[in-house]
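[1] build me a model from this:
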Amino acid sequence: MIDLLVKVAVNAAALLAAAFVVPEFNLTFRNDNPADWVKIAIIALIFALVNSYLKPILKVLAMPIGFLTMGLVAFAINAAMLLGTAWIVNQATAQLQIGFSVGGYPPHWGYEAIGVAVVASIVISIVATLLELLLLPRRILGF
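    Below is the predicted model of the structure:
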């Protein structure tokens, strides 16, 4: 349970970093509203669940292409996971009223969405890796 909470916190920080760095990566929130922080935690939870369950399956299926492209297909998989998260959040927008879009997707699908998703997934990967390295002593000590 603690690992899931840590993963959600790391994903939330990585998503916020991507929202500040990548243009057209829209994550609507206000610092003074605690309900917006809950919405960001929900997006991070959805992103963590998508990455935990769908990403390993897609990596195994794309392994032959990964060998041919020397691992570059991983960028496409990460971008697809981010776009999938945006689609899932958009489906729940009526109930949760969350503002989250990647390059205008959803509702608009285009090259911009793919480009923004790739750049945002690189930023998210870098931030998440750095945070995991900072939290490595927690795992070594058994927390």
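[2] give me the mean pLDDT for stretch 127-134.
    Mean per-residue pLDDT for stretch 127-134: 92.
[3] what residues of it count as buried?
    For stretch 127-134, a neighbour-count test (16 or more other CB atoms under 10 Å) marks Val127, Ala128, Leu131 as buried. (Each C-beta comes from the backbone N, C-alpha and C, glycine too.)
[4] alpha carbons only: can I get that stretch in PDB?
    Presented in PDB, the C-alpha positions along stretch 127-134 are these (Å, rounded to 0.1, in the frame of the first residue of the first chain):
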ATOM      1  CA  VAL A 127      11.500  13.500 -13.100                       C
ATOM      2  CA  ALA A 128      10.200  10.100 -11.900                       C
ATOM      3  CA  THR A 129      13.700   8.500 -12.200                       C
ATOM      4  CA  LEU A 130      15.300  11.300 -10.200                       C
ATOM      5  CA  LEU A 131      12.600  11.100  -7.500                       C
ATOM      6  CA  GLU A 132      13.000   7.300  -7.400                       C
ATOM      7  CA  LEU A 133      16.700   7.700  -6.900                       C
ATOM      8  CA  LEU A 134      16.100  10.100  -4.100                       C
END
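[5] what's the longest helix out of those in the chain packed up against?
    Determined from DSSP state H, the single longest helix within the chain is helix 111-134. Applying 3 or more CB pairs under 8 Å, 6 or more residues apart in numbering; DSSP states H and E, one finds that helix 111-134 makes contact with helix 2-21, strand 25-27, helix 73-91, strand 100-102.
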